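**Student:** Got a predicted structure here, sequence first:
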Amino acid sequence: MKNKIISVFPEIDPGWLMTGEGEMLRSEKSISQTVKGDGNTTNASIENKEEENNALLEALKSQQALLSKSQEHIDRLISIIEKSK
């Protein structure tokens, strides 16, 4: 029963679940491996975080590229304005 609960809620500390002592929630590092019913371990929680981080990183790279392009346009406009003076 405990393993089923932990597999669904990997953030819950098994020690707390059994004894009621300590912290209810585990740190992100200790969540990294949860036990499935077949005895195999999985890093599903961390993999989900990695996928989310990768998506955020890609969005950030895209925004950085747009910002660079905008800065090029601004620099070019400033150059045109300075030449027209």
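**Tutor:** Structure's in. What do you need?
**Student:** just how off-centre is the helix or strand containing L56 within its chain?
**Tutor:** Using DSSP states H and E, L56 sits in helix 44-84. Relative to its chain's centre, helix 44-84 lies at 19 Å (C-alpha atoms, centre = their mean, to the nearest Å).
**Student:** same for that helix, what does it pack against?
**Tutor:** helix 28-31 (3 or more C-beta pairs under 8 Å, 6 or more residues apart in numbering; DSSP states H and E). Bear in mind the C-beta positions are built from the backbone N, C-alpha and C, glycine included.
**Student:** Excluding residues flanking it in the chain, which one is nearest I6?
**Tutor:** Counting by C-beta to C-beta, 6 or more residues apart in numbering, I6 lies nearest to P14, which is 5.6 Å off, once chain neighbours are set aside.
**Student:** do you know how far that neighbour is from G20?
**Tutor:** 12 Å (C-beta to C-beta, to the nearest Å).
**Student:** So between these two, which is more surrounded?
**Tutor:** P14 (16 against 8; other C-beta atoms under 10 Å).
**Student:** and that one, what are its phi and psi?
**Tutor:** phi -60, psi -40 (degrees, to the nearest 10).
**Student:** Many thanks, I have nothing further to ask.
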